[in-house]
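[1] My questions concern the predicted model and sequence given below.
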Amino acid sequence: MKVEDLGPARAAIVLGSGLSEVARTLTGARPVPYEELEGMPRTSVPGHQGALYAGEAAGVRALVFAGRVHLYEGFGPAEVCFAVRAACRAGCDTVVLTNACGAIAPELEIGKPCLIADHLNLTGRNPLRGPAFLDLTDLYDPGLRTAARAVEPSLREGVYAGLAGPTYETPAEVRMLAALGADMVGMSTVLEAIAARHCGARVLGISVPANRAAGLQEGPLDHAEVARRGREAAGRLEALLAGVLARL
């Protein structure tokens, strides 16, 4: 089976660490394990279910990817971006990318979703090859961000720094990222956003701060804690996503 066989769909949603529960709220959806989908790379990260759901949310037909793959798992940019490109081939003209992240900006509330207004691609990789001179000025669609704030007016937004991982950043690196203008940091999203925009889709990025970045909190950083924070934020994220889809 191909991803396109589950279409046509209007929107694609990629769920980050601990956020897979959101997929189960789709009307009429059943999970299709990634291993049953032709060409779909399989995730090995705890907190990423590894299944695709197709159904309706707020009256909109959607493909929801419960989990993603990352560069640090040994995948290349083409594999990292396979899901969003397949979703676009299935007709999706809106791609929503979610993630759990580390909060750099002090005003970001742990566990509360925030919008990505822009990003720093510090992975050293790009999903495009050749003279693909894509304008990324409005990569994270202003209209979709406005729709999200109409659902939840208190949403903050900021700049997401995407790094390759898998290690968390050092305190010195976090200070560097802050100096570069980053408000949050993670290990995903940036390549997918570029690929989705290159396919002609509108992109909305939503981050859930799961912890303070290195050097900004007491105690060690821990992936289990990141996944737990994601699970706790699932209900809030579900309401936000439904409200955005209803405004498409």
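    Received the coordinates, thanks. Numbering: from 1, shown residues only.
[2] who's in contact with the lengthiest helix in the chain?
    When secondary structure is assigned using DSSP state H, the longest helix within the chain turns out to be helix 223-246. In this structure, residues lying in contact with helix 223-246 by CB atoms under 8 Å, 6 or more residues apart in numbering are 11, 13, 16-19, 21-22, 25, 46-47, 57-60, 62, 96, 98, 100, 110-113, 144, 147-148, 150-152, 155, 204, 206, 208-211. Using the backbone N, CA and C atoms, a C-beta is placed for each residue, glycine as well.
[3] Now Ile110: which helix or strand?
    When elements are defined using DSSP states H and E, Ile110 is found to belong to no helix and no strand.
[4] sorry, that was for Ile116
    Remark: Ile116 resides in strand 114-121, with elements defined by DSSP H and E.
[5] Report the strands that pair with that strand, each with its relative direction.
    Counting by DSSP bridges, the strands paired with strand 114-121 are strand 157-162 (parallel), strand 202-212 (antiparallel).
[6] Figure out the length between the terminal residues of stretch 64-74.
    With CA to CA, to the nearest Å as the measure, the ends of stretch 64-74 fall 23 Å from one another.
[7] roughly how far out does it sit from the chain middle?
    Here the centre of stretch 64-74 is set off from its chain's centre by 10 Å, with CA atoms, centre = their mean, to the nearest Å.
[8] Would you check that Leu248 makes contact with Thr94?
    Yes - Leu248 sits in contact with Thr94 when judged by CB atoms under 8 Å, with a separation of 6.1 Å.
[9] Lowest mean pLDDT across the strands paired with strand 114-121, which one is that?
    Ranked by mean pLDDT, those end with strand 202-212 in last place, scoring a mean of 95.
[10] Tell me what angle that one forms with helix 223-246.
    If you take axes from the mean of the first three to the mean of the last three CA atoms, to 10 degrees, strand 202-212 sits at 150 degrees to helix 223-246.
[11] May I have strand 202-212 exported as PDB, CA atoms only?
    Coordinates of each C-alpha in strand 202-212 appear next as PDB, following Å, rounded to 0.1, in the frame of the first residue of the first chain:
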ATOM      1  CA  ARG A 202       1.100  25.800   3.200                       C
ATOM      2  CA  VAL A 203       3.000  25.000   6.300                       C
ATOM      3  CA  LEU A 204       2.100  25.400  10.000                       C
ATOM      4  CA  GLY A 205       4.600  24.600  12.700                       C
ATOM      5  CA  ILE A 206       3.600  23.900  16.300                       C
ATOM      6  CA  SER A 207       6.100  23.200  19.000                       C
ATOM      7  CA  VAL A 208       5.400  21.900  22.500                       C
ATOM      8  CA  PRO A 209       8.200  23.000  24.900                       C
ATOM      9  CA  ALA A 210       8.900  19.900  27.000                       C
ATOM     10  CA  ASN A 211      11.800  21.300  29.100                       C
ATOM     11  CA  ARG A 212      14.100  24.200  29.400                       C
END
